[in-house]
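A.B. asks: Fold the following and give me the result.
(one chain, ligands or ions: 2)
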Amino acid sequence: MASQPHTRCDLMMFGALGDLAQRKLFPALYQLERSGLLAPGSRILALARDNADTAAIRARLGDRIKKHVPAGEFDAAVLTRFLARVDYLCLDFTDTDGYRSLNTWRQDSTASLIVYMATLPSMYGVIARNLRDVSCCTEHTRVVVEKPIGHDLETSRVINDQLAEVFNENQLFRIDHYLGKETVQNLIALRFANNLFASQWDQNHISHVEITVAESVGIEGRWGYFDKAGQVRDMIQNHLLQLLCLIAMDPPSDLSADSIRNEKVKVLKALRPITPDLMETHLVRGQYTAGTSAGQPVPGYLEEDGAVRGSTTETFVALKAEIENWRWSGVPFYIRTGKRLPEKLSQIIIHFKPAPHYIFDPDQKHLANNKLIIRLQPDEGMALQILTKEQGLDKGMRLRQGPLELTFSETFDAERIPDAYERLLWEVMKGNQYLFVRRDEVEFAWRWVDQVIRNWEDFGLHPKRYAAGTWGPVAAIAMITRDGRSWYEDA
Ligand SMILES: NC(=O)C1=CN([C@@H]2O[C@H](COP(=O)(O)OP(=O)(O)OC[C@H]3O[C@@H](n4cnc5c(N)ncnc54)[C@H](OP(=O)(O)O)[C@@H]3O)[C@@H](O)[C@H]2O)C=CC1
Ligand SMILES: O=C1O[C@H](COP(=O)(O)O)[C@@H](O)[C@H](O)[C@H]1O
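C.D. replies: Ligands and ions are numbered 1, 2, ... in the order given. A predicted model of the protein is given here:
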């Protein structure tokens, strides 16, 4: 991370007492303070509808920050310094007149204004219009909005239109927090700084790609939200498709936001629809039943707090995505993501094709594919599985598979890996949009996801059960096995 604070900012945090703000955003702002990256004079206005004063809200935020920041990174003096920047205003976001107090807080401040909408997407348009009506924003105001943008293409267009009534696209910072993860950004460095990979990155050299984003947690008290979304809307439409784009996109001509986003859009446009005739071979939906997590018994999805009996929402999905373009023709991207899987693990495996002519022991031919394993979380790093000769006089030319290994925490010691939200907030402060999602990306992703959902509904594809603590329904294993492959498991 750059070591200089950027320009002075006034940050308005709508939804300051909500789950995201308390668990992620304020701890991330605290970390920026700790790293000396909040410019002197930068201020934060916490906005929520609790009737409380600034002192009470500072105390509450202090408690939450202490709870969510690792003990070794907590410093009472930093917290005091940080909380001194925070003011609180009680506001119902629908109350237009109440917004005049925002101008009082700004007091003709010349600091850059950042508006963070950490609240329900149905509020985004309301907040935007109210800010405009009291003249609280200018064409320089930066606006951060959270995912999901809508429930489908149509509703996302409504939200995007409402935002566009007030703000230009270059003012909008649509968050996909996976883009803020250090290792996700590393995909760009890996692919475009190393000619070794750049020259091998296509259907001539790669047989298939696997993307796994597994979570061990269940619904975590968000059943009401999650049941309307499901794993495809909650994870595939945004995080997983963004990962796929970063792996599959053509080289951008530079690192500017639009160069990168143009290339990602081309990938989204080239995704093959999963039509009804492909439902049984390309898509598996799952829902967890009671099982275990970290050795403890856990309830099934339909037994969680707030659950409604009979829900057919998926908590797991595995799918085979195909990209219909020159580079990726014939290279399936196997994607799986789910809740209550055995561990938290996000990784991408690039499976290279074998050498054109094999001259070693036929019994070892199954070893012949090189693999690049990119570990996004935890234990961030990369490993290239290569073949070498077994050591020893009696071994002849027996092959052995082993990794060329790069574990970031061991190789680049001491550097703490910043949380995604720290990075993203820092980029908003700098006004850099390259880690944020442009409107057409959101809409092309919805277009693809909408047809997947429409087709499974028409087809009647119900979720298959899997016990909490397992790797999803067996059908997900069958899907890849049918193609003569298997999900990568670390030996
Ligand atoms: N939580 C998470 O881990 C993640 C959340 N997100 C997204 O972030 C956004 C916020 O999510 P989350 O924090 O979980 O949601 P919460 O419901 O916890 O927070 C939303 C906040 O908005 C407030 N709010 C709603 N309507 C009004 C209003 N009219 N006036 C004033 N305040 C209002 C709520 O206040 P009140 O309590 O008084 O109703 C609440 O504090 C959502 O878009 C969500 O999809 C994205 C990724 C992960
Ligand atoms: O956006 C979301 O992401 C989290 C997973 O994020 P991670 O950084 O912990 O991998 C997921 O649990 C949540 O359902 C989803 O809304």
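A.B. asks: Now do stretch 110-119: distance from first to last residue.
C.D. replies: Using C-alpha to C-alpha, to the nearest Å, the end-to-end distance of stretch 110-119 comes to 26 Å.
A.B. asks: Give the buried residues for that stretch.
C.D. replies: S112, L113, I114, V115, Y116, M117, A118, T119 (16 or more other C-beta atoms under 10 Å). Any C-beta I mention is one placed from the backbone N, CA and C, and that applies to glycine too.
A.B. asks: Give the burial count for Q31, as a bare number.
C.D. replies: A count of neighbours around Q31, defined by other C-beta atoms under 10 Å, yields 25.
A.B. asks: How about it: what's its closest non-neighbour residue?
C.D. replies: Of all residues not flanking Q31 in the chain, E422 sits nearest, at 5.0 Å (C-beta to C-beta, 6 or more residues apart in numbering).
A.B. asks: Now that neighbour. Its backbone dihedrals?
C.D. replies: phi -60, psi -50 (degrees, to the nearest 10).
A.B. asks: Would you check that it makes contact with A28?
C.D. replies: Yes. With contact defined as C-beta atoms under 8 Å, E422 reaches A28; the gap is 4.3 Å.
A.B. asks: In this protein, where's the longest helix?
C.D. replies: As assigned by DSSP state H, the longest helix anywhere in the chain is helix 439-459.
A.B. asks: May I see the buried residues of it?
C.D. replies: Neighbour-count burial for helix 439-459, with 16+ other C-beta under 10 Å as criterion, is recorded at 439-450, 452-453, 455-456, 459.
A.B. asks: Can you name the element that comes right after it?
C.D. replies: Later in the chain than helix 439-459, the nearest helix or strand by DSSP states H and E is strand 464-467.
A.B. asks: Could you pull out the buried residues of stretch 272-286?
C.D. replies: Neighbour count says stretch 272-286 has I274, L278, M279, H282, L283, V284, R285, G286 buried, by 16+ other C-beta under 10 Å.
A.B. asks: likewise stretch 93-104?
C.D. replies: Buried residues in stretch 93-104 (16+ other C-beta under 10 Å): F93, G98, Y99, S101, L102.
A.B. asks: Widest-spaced pair of those?
C.D. replies: Based on C-beta to C-beta, the longest span within the buried residues of stretch 93-104 runs between F93 and S101 and measures 12.7 Å.
A.B. asks: Show me where the stretch 201-350 of the chain has its helices.
C.D. replies: Taking DSSP state H, counting those that start in this stretch as the criterion, the stretch 201-350 of the chain carries its helices at 223-231, 241-248, 257-269, 279-282.
A.B. asks: Name the stretch among those that sits most buried.
C.D. replies: helix 241-248 (a mean of 23; mean count of other C-beta atoms under 10 Å).
A.B. asks: In PDB, list the C-alpha atoms belonging to stretch 24-39.
C.D. replies: The C-alpha trace of stretch 24-39 is given here as PDB (Å, rounded to 0.1, in the frame of the first residue of the first chain):
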ATOM      1  CA  LYS A  24     -16.000  -4.200   8.000                       C
ATOM      2  CA  LEU A  25     -16.100  -0.500   7.200                       C
ATOM      3  CA  PHE A  26     -15.200   1.200  10.500                       C
ATOM      4  CA  PRO A  27     -12.500  -1.400  11.300                       C
ATOM      5  CA  ALA A  28     -11.100  -0.700   7.800                       C
ATOM      6  CA  LEU A  29     -11.100   3.100   8.400                       C
ATOM      7  CA  TYR A  30      -9.400   2.500  11.700                       C
ATOM      8  CA  GLN A  31      -6.700   0.500   9.900                       C
ATOM      9  CA  LEU A  32      -6.200   3.400   7.500                       C
ATOM     10  CA  GLU A  33      -5.800   5.700  10.500                       C
ATOM     11  CA  ARG A  34      -3.300   3.300  12.000                       C
ATOM     12  CA  SER A  35      -1.300   3.200   8.700                       C
ATOM     13  CA  GLY A  36      -1.300   7.000   8.600                       C
ATOM     14  CA  LEU A  37      -3.400   7.000   5.400                       C
ATOM     15  CA  LEU A  38      -6.200   9.300   6.600                       C
ATOM     16  CA  ALA A  39      -5.200  12.800   5.700                       C
END
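A.B. asks: residue contacts, L244?
C.D. replies: Taking C-beta atoms under 8 Å, 6 or more residues apart in numbering, we find L244 in contact with I211, V267, A321, F333, I335.
A.B. asks: Which ones among the residues you listed lie within strands?
C.D. replies: Members of those lying in strands (criterion: DSSP state E): I211, A321, F333, I335.
A.B. asks: So which of these is the closest to V184?
C.D. replies: Nearest to V184 among these, counting by C-beta to C-beta, is I211 at 11.4 Å.
A.B. asks: ok, what's across the strand from the closest residue to that closest one other than its chain neighbours?
C.D. replies: Spatial nearest neighbour of I211, excluding adjacent residues (C-beta to C-beta, 6+ apart): I335 at 4.7 Å. Listed beta-bridge partners, I335: I211, L319 (assigned using DSSP bridges).
A.B. asks: confidence score at I335?
C.D. replies: Looking at I335, its pLDDT stands at 98.
A.B. asks: what's the spacing between the residue of the stretch 251-400 of the chain found nearest ligand 1 and G472?
C.D. replies: Residue nearest to ligand 1 within the stretch 251-400 of the chain: K339 (13.1 Å; C-beta to the nearest ligand atom). Going from K339 to G472 by C-beta to C-beta, to the nearest Å gives 10 Å.
A.B. asks: Equivalent analysis for V69, please.
C.D. replies: 33 Å.
A.B. asks: What of I44?
C.D. replies: To G472, I44 is 41 Å away according to C-beta to C-beta.
A.B. asks: ok so, going back, can you lay out the buried residues of stretch 272-286 as JSON lines showing pLDDT?
C.D. replies: JSON lines is the format used below for the buried residues of stretch 272-286 (pLDDT from 0 to 100):
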{"residue": "I274", "pLDDT": "97"}
{"residue": "L278", "pLDDT": "96"}
{"residue": "M279", "pLDDT": "95"}
{"residue": "H282", "pLDDT": "97"}
{"residue": "L283", "pLDDT": "97"}
{"residue": "V284", "pLDDT": "98"}
{"residue": "R285", "pLDDT": "98"}
{"residue": "G286", "pLDDT": "98"}
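A.B. asks: Restricted to strands, list those.
C.D. replies: Among the buried residues of stretch 272-286, DSSP E puts L283, V284, R285, G286 in strands.
A.B. asks: Just the buried positions in stretch 290-300, please.
C.D. replies: For stretch 290-300, a neighbour-count test (16+ other C-beta under 10 Å) marks G291, S293, V298, P299, G300 as buried.
A.B. asks: Please read the previous query as pertaining to stretch 125-136.
C.D. replies: Buried residues in stretch 125-136 (16+ other C-beta under 10 Å): G125, V126, I127, A128, N130, L131, C136.
A.B. asks: Surely K320 is in contact with V284?
C.D. replies: No. With contact defined as C-beta under 8 Å, K320 does not reach V284; the gap is 9.5 Å.
A.B. asks: And the lowest-mean-pLDDT helix or strand in the chain, what's buried?
C.D. replies: Taking mean pLDDT, DSSP states H and E as the measure, the chain has helix 408-411 as its least confident helix or strand, at a mean of 73. For helix 408-411, the neighbour count (16+ other C-beta under 10 Å) marks F408 as buried.
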